[in-house]
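**Student:** 3D, please:
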Amino acid sequence: MSNLYWLSEGQMERLRPYFPKSHGVPRVDDRRVLSGIIFINRNGLRWRDAPAEYGSYKTLYNRWKRWSDMGVFARIMTGLAADSPDNKTISIDATYLKARRTASSLGGKKGGRGRLIGRTKGGMNTKLHAVTDARGRPIRFFMTAGQVSDYTGARALLSSLPNADWLLGDRGYDADWFREALIDKKITPCIPGRKSREKPVKYDKRRYRKRNRIEIMFGRLKDWRRVATRYDRSPNVFLSAIALAATVIFWL
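**Tutor:** All right, here's what the predicted structure looks like:
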């Protein structure tokens, strides 16, 4: 099949340092299995519908689940991002990701406890908070239930922000505590003030235009069907799908 996805040997060389060590029986061909995992995630297929060229779908799923639980895919993304820093100007933003019934069905429980799914005007959603570098490439992710405020994501990501000169954010991040925290880290906030502020906030409007790069990043991530629509109940597995998509699109 000509539309199958295959990692190149050069891409595999960049990925291998982040693979966990194999104990006992050697792993099935890493290139074939990872290429199959990428194909499934990008196209939103069921694991049992994996093309035969990638081998047993059970092998693909087991590798995917085990490495997701170990945080391997998240480490790959952050590791590759750290190798190519471009952090003079960073951006922060959040987006909603629709949760399907398979992810949000809770049985007898209420509230989506532990699954990071919450009800918003648009239905059941997960909110993805992200920080991107100067070129719009994702360097940090944080996931919450859909109804959680942008402030919560900003507070969670604050301690892991890289050394930067500027941070771009929309009005949703206009809070005195956040501005002060950025200044303490020697980062200049470029965030327009809320309309409810008594005194207008000055910001670099020309620089602020570059904030659209993080919106473009979200759009590209959502081209992957298992990112745009959440099928997975486990937050770790879903975050792995996001990290894998970010790795392939922006860092390989």
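
**Student:** Please make it C-alpha for all contacts and neighbour counts, starting now.
**Tutor:** OK.

**Student:** mind pulling up the phi and psi values for residue 79?
**Tutor:** phi -70, psi -50 (degrees, to the nearest 10).

**Student:** and it, how many residues sit next to it?
**Tutor:** Using other C-alpha atoms under 10 Å, the number of residues around residue 79 comes to 17.

**Student:** From residue 193, how far out is it?
**Tutor:** 34 Å (C-alpha to C-alpha, to the nearest Å).

**Student:** Next: residue 19.
**Tutor:** 44 Å.

**Student:** Among the two, which residue is more densely surrounded?
**Tutor:** Per other C-alpha under 10 Å, whichever of residue 19 and residue 193 has more neighbours is residue 193, with 19 against 13.

**Student:** mind listing the strands for the protein?
**Tutor:** 89-99, 118-120, 123-132, 138-145, 166-168, 188-190, 229-230 (DSSP state E).

**Student:** By mean pLDDT, show me the worst of these.
**Tutor:** Mean pLDDT per stretch puts strand 118-120 lowest among the strands of the chain, at a mean of 88.

**Student:** who does it pair up with?
**Tutor:** strand 123-132 (antiparallel) (DSSP bridges).

**Student:** Run through who's touching the partner strand.
**Tutor:** For strand 123-132, contacts defined as C-alpha atoms under 8 Å, 6 or more residues apart in numbering pick out 90-100, 104, 116-119, 138-148, 150, 153-154, 157, 161, 214.

**Student:** Mind listing what's buried along it?
**Tutor:** Neighbour counts using 16 or more other C-alpha atoms under 10 Å place 124, 125, 126, 127, 128, 129, 130, 131, 132 of strand 123-132 among the buried residues.

**Student:** what's the most distant pair in the residues you listed?
**Tutor:** 124 and 132 (25.7 Å; C-alpha to C-alpha).

**Student:** can you map out the helices along the stretch 51-200 of the chain?
**Tutor:** Taking DSSP state H, counting those that start in this stretch to define them, one finds helices in the stretch 51-200 of the chain at 57-70, 72-83, 101-104, 150-158, 176-184.

**Student:** for the second one, packing partners?
**Tutor:** In this case it means helix 72-83. strand 138-145, helix 235-246 (3 or more C-alpha pairs under 8 Å, 6 or more residues apart in numbering; DSSP states H and E).

**Student:** for these, which one sits closest to residue 45?
**Tutor:** That would be helix 235-246 among these, by C-alpha to C-alpha, at 12.8 Å.

**Student:** what's the neighbour count on residue 147?
**Tutor:** 17.

**Student:** Tell me how many other residues surround residue 194.
**Tutor:** As a burial measure, residue 194 scores 16 neighbours (other C-alpha under 10 Å).
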